[in-house]
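J.: Return a 3D structure for these sequence lines:
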Amino acid sequence: MRLCGLLLAALMGACAAPKVAPPPRPLAPVPVMTVMGGEWVAFAIDGVDEVVFPKPLLRWVSATQVSGSGGCNGFTGMAVSDLSRLRIGPLAATKVRCLSLPGGQEDKFFKALENTRTARFQNDQLVLLDDTGLALVRMLKAE
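T.: Numbers count the residues shown, from 1 in each chain. Alright, predicted model coming up:
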């Protein structure tokens, strides 16, 4: 009987929910207003640190709209209003014939913008990241 009581107590203790630490507080969103008022020029796209001229650029027209250039074709598109939940696109680009191969720098830039899910500032850089935290594009403010 005593053995049954000990087994029952052990089973009841094993069923108790473990204490879980509360999740960390999310960082406060960075307002998109901090990136408005100028152009951001890409210097690294998809892990390639040598962006060739003409360099792609991005500008926030408003809290919900972006525009810029992939280097050859201009574009416009929609965006969300804070950098902690950033979605850019769909993008509408001009159809200028460029001297670049499919899958080249401009295509990678447009794809990276549309895959962006968040952004952060790192020193003087604006870094656009995908949903796993991988840096897609690194940009500097144009002078």
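J.: Strands along the chain, start to end?
T.: 39-45, 57-62, 65-69, 74-79, 88-93, 118-122, 125-129, 135-141 (DSSP state E).
J.: How about residues contacting the first one?
T.: Just to be clear, that refers to strand 39-45. Contacts of strand 39-45 with the rest of the structure, by C-beta atoms under 8 Å, 6 or more residues apart in numbering, involve 49, 51, 55-59, 68, 105, 108-109, 112, 126, 135-142. The C-beta positions use only the backbone N, C-alpha and C, and glycine is treated the same way.
J.: filter those to the buried ones?
T.: The neighbour-count test (16 or more other C-beta atoms under 10 Å) marks 51, 55-59, 68, 105, 108-109, 112, 126, 135-140 as buried among those.
J.: where does this structure have its least confident helix or strand?
T.: Least confident element among the helices and strands of the chain, by mean pLDDT, DSSP states H and E: helix 2-15 (a mean of 49).
J.: low pLDDT regions in the protein?
T.: 1-35, 81-84, 99-102 (pLDDT under 70).
J.: Next one: the closest residue to Phe109 other than its chain neighbours from Lys111, what distance?
T.: Spatial nearest neighbour of Phe109, excluding adjacent residues (C-beta to C-beta, 6 or more residues apart in numbering): Pro56 at 4.2 Å. Separation of Pro56 from Lys111 (C-beta to C-beta, to the nearest Å) stands at 12 Å.
J.: neighbours around Glu106, how many?
T.: 22 (other C-beta atoms under 10 Å).
J.: I'd like the distance between it and Ile45.
T.: Glu106 is 9 Å from Ile45, by C-beta to C-beta.
J.: where do the contact lists of the two overlap?
T.: Pro56.
J.: show me what contacts the residue lying closest to Leu136 once chain neighbours are set aside?
T.: Nearest non-adjacent residue to Leu136, counting by C-beta to C-beta, 6+ apart: Ala112, 3.9 Å away. The neighbourhood of Ala112, defined by C-beta under 8 Å, 6+ apart, consists of 45-46, 128, 136-137.
J.: hmm, which two among those residues are most spread apart?
T.: Asp46 and Leu128 (10.8 Å; C-beta to C-beta).
J.: Tell me which of the two has more neighbours.
T.: More crowded of Asp46 and Leu128, by other C-beta under 10 Å: Leu128, with 24 against 15.
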